[in-house]
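*Asks:* Quick check, what structure comes out for this input:
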Amino acid sequence: MSSRKLSDYFILSLKGLAMGAADVVPGVSGGTIAFISGIYEELITTISNINLSLFSVWKNEGFSAMWKKLNGNFIFALFSGILISVFTVMRLANYLLENHPILIWSFFFGLVLASVWFMARQVPKWSKKTIFAFVFGAIVAFYITTLASINSGDSLWYMFLAGAIAICAMILPGISGAFILVLLGAYKTISAAIHDFDIKIILVFGLGTVVGLLSFSKALKWLLTKHHSITISLLTGFIAGSLNKIWPWKDVLETLTVGDKIIPIKEISVWPTHFNGDPLILYSVLLMLFGFVLIFGLEKLAVNKTP
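*Replies:* Now for the predicted structure:
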């Protein structure tokens, strides 16, 4: 970690941009991007090491020692990219999802499908336990994608709770934090608050994410340390099960009217029709392939840039 150069931190910020972009799209996980770009376990370890002892180090040894123990350069570079992405890419993501949903979902489907293959390779040896963990994770994630969102209020305590729950999903590969916000009925409130810079809601939601992140990351670090293969298998299952959510072609079963917008809250995946002469399907397949191939590029970048 200490041997990183300025260019390495620039690459970290770009990975943060990609994570932030993924996290604001319901159905895609920033945790998946962190994993395939080679920084997932360092991210979990760094977050889980944040505790009150850092203040003692600061008091007794100075800010520089505390910053080094915190792995501060890593956090600053990565989370700067994430925050920039959330406050800028969210608008573009919303535009694309509203105006070109099949094309953008096709790209993400290829991206996530390749991620399943990539993560499965990280399991040293598949056994009955790891296969069971994979199947269990896939079933859980698939079930989550079939749930209809609830019509919640937008009280501050609920925004805090939504932040704490969603951030846990955001650092889990395959489980989309943005989709969890959709299920909780809080996605529109949060996206509107970010768009309008509603400081009160942003701060309360942010406090919830901090509490959830610091709590959940410690449990996840323990699992990765003590049961690495089973945990990776489970996370791989999460990604595989989430593919149902990001399949581009859907039939809407239930909708929710919010203002002048009709929001789908329950959908089922269907097979595309009208193959002959439909350029949209061709473009969709090409974008799937592009997303799939992109993972190989990210993997190569991660290998080349690992200090």
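*Asks:* Ramachandran angles for residue 268?
*Replies:* Main-chain torsions, residue 268, degrees, to the nearest 10: phi -130, psi 150.
*Asks:* helix, strand or coil for the nearest residue in space to it that is not next to it in sequence?
*Replies:* Nearest residue to residue 268, sequence neighbours excluded (C-beta to C-beta, 6 or more residues apart in numbering): residue 251, at 5.3 Å. From N, CA and C alone the C-beta is placed, and that goes for glycine too. Under DSSP: H, G, I helix; E, B strand; the rest coil, the three-state class of residue 251 is strand.
*Asks:* Relative to residue 114, how far out is residue 251?
*Replies:* From residue 251 across to residue 114, the span is 26 Å (C-beta to C-beta, to the nearest Å).
*Asks:* Neighbour count: those two, which is higher?
*Replies:* residue 114 (21 against 10; other C-beta atoms under 10 Å).
*Asks:* Dihedrals phi and psi, the more buried one?
*Replies:* phi -70, psi -30.
*Asks:* Next one: it relative to residue 55, how far apart?
*Replies:* Taken as C-beta to C-beta, the span from residue 114 to residue 55 is 42 Å.
*Asks:* can you check residue 109 too?
*Replies:* Taking C-beta to C-beta, one finds residue 109 at 45 Å from residue 55.
*Asks:* quick one, which of the two is more surrounded?
*Replies:* Between residue 109 and residue 55, counted using other C-beta under 10 Å, the more crowded position is residue 109 (22 against 10).
*Asks:* where's that one, which helix or strand?
*Replies:* helix 101-120 (DSSP states H and E).
*Asks:* what do you get for residue 236?
*Replies:* Going by DSSP H and E, residue 236 is part of helix 228-246.
*Asks:* Who are the packing partners of that helix?
*Replies:* Packing contacts for helix 228-246, counted by 3 or more C-beta pairs under 8 Å, 6 or more residues apart in numbering; DSSP states H and E, involve helix 30-36, helix 101-120, helix 128-146, helix 199-226.
*Asks:* now the angle from the longest one to helix 228-246?
*Replies:* Angular relation of helix 199-226 and helix 228-246 on a 0 to 180 degree scale: 140 degrees, by axes from the mean of the first three to the mean of the last three C-alpha atoms, to 10 degrees.
*Asks:* Now helix 199-226: average pLDDT?
*Replies:* Averaging pLDDT along helix 199-226 gives 85.
*Asks:* helices or strands next to it in the packing?
*Replies:* Applying 3+ C-beta pairs under 8 Å, 6+ apart, one finds that helix 199-226 contacts helix 40-48, helix 156-170, helix 187-196, helix 228-246.
*Asks:* Please identify the deepest-packed of these.
*Replies:* helix 228-246 (a mean of 24; mean count of other C-beta atoms under 10 Å).
*Asks:* buried residues in the strand or helix carrying residue 81?
*Replies:* Using DSSP H and E, residue 81 maps to helix 72-99. Within helix 72-99, the residues scored as buried using 16 or more other C-beta atoms under 10 Å are 73-82, 85-86, 89-90, 93, 96.
*Asks:* tell me the angle that helix makes with helix 40-48.
*Replies:* Going by the same axes, to 10 degrees, helix 72-99 makes 110 degrees with helix 40-48.
*Asks:* quick one on the thing from earlier: ok, the buried residues of helix 72-99 vs residue 271, which is closest?
*Replies:* Nearest to residue 271 among those: residue 96, at 23.0 Å, using C-beta to C-beta.
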